[in-house]
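Q: Return atomic coordinates for the entry below.
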Amino acid sequence: MIIFGLRASHIGSVEVDGSACTYCQNSGTQNISQFGRYFHIFWIPMFPAGKNTFSECVHCKRTIRKKEFSSELKNVYEINKSKIKRPVWHWSGLILLGILVTSFIILSKI
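A: Prediction:
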């Protein structure tokens with residue numbers, strides 16, 4: 001039974017206006033999506049373990065990794081990346097562990 005591992009969750013998306021898909025040449029059909037990976041124990045997220053960023057064409061479903069972004073997609077991503085933030089619950093396991101350790105320390109002094 002596996003009790004720990006890595007998982008990913010969708011953090012956010014940004015619509016790209018005016019950029020043509022490099023595969024099907026349709027304009028205004030791309031979205032930039034970011035997924036956050038986290039380490040979990042018993043399916044409780046402990047801490048973040050990286051991000052993956054992709055661009056997907058809504059029309060042809062072609063997916064492009066961040067390394068393969070055109071200069072136009074890179075500019076849109078750089079402008080909008082501050083809007084996409086990692087959720088606090090990716091840290092929930094460490095927060096719970098910190099509260100638990102702090103409460104044990106406080107209770108042991110009483």
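Q: next one: the lowest-mean-pLDDT helix or strand in the chain to chain centre, how far?
A: Here the helix or strand of the chain ranked lowest by mean pLDDT, DSSP states H and E is helix 71-80, holding a mean of 89. Taking Cα atoms, centre = their mean, to the nearest Å, one finds helix 71-80 lying 17 Å from the centre of the chain it belongs to.
Q: Check stretch 42-60 too.
A: 4 Å.
Q: same question, stretch 54-73
A: In terms of Cα atoms, centre = their mean, the gap separating the centre of stretch 54-73 from the centre of its chain is 16 Å.
Q: related to what we said a few turns ago, give me the buried stretch members for the helix or strand that comes right after the least confident helix or strand of the chain, please.
A: Scanning forward in sequence from helix 71-80 by DSSP states H and E, the next helix or strand is helix 92-109. The neighbour-count check on helix 92-109 (16 or more other Cβ atoms under 10 Å) flags 92-93 as buried. The way it works is simple: take the backbone N, C-alpha and C, and place the C-beta from them, glycine included.
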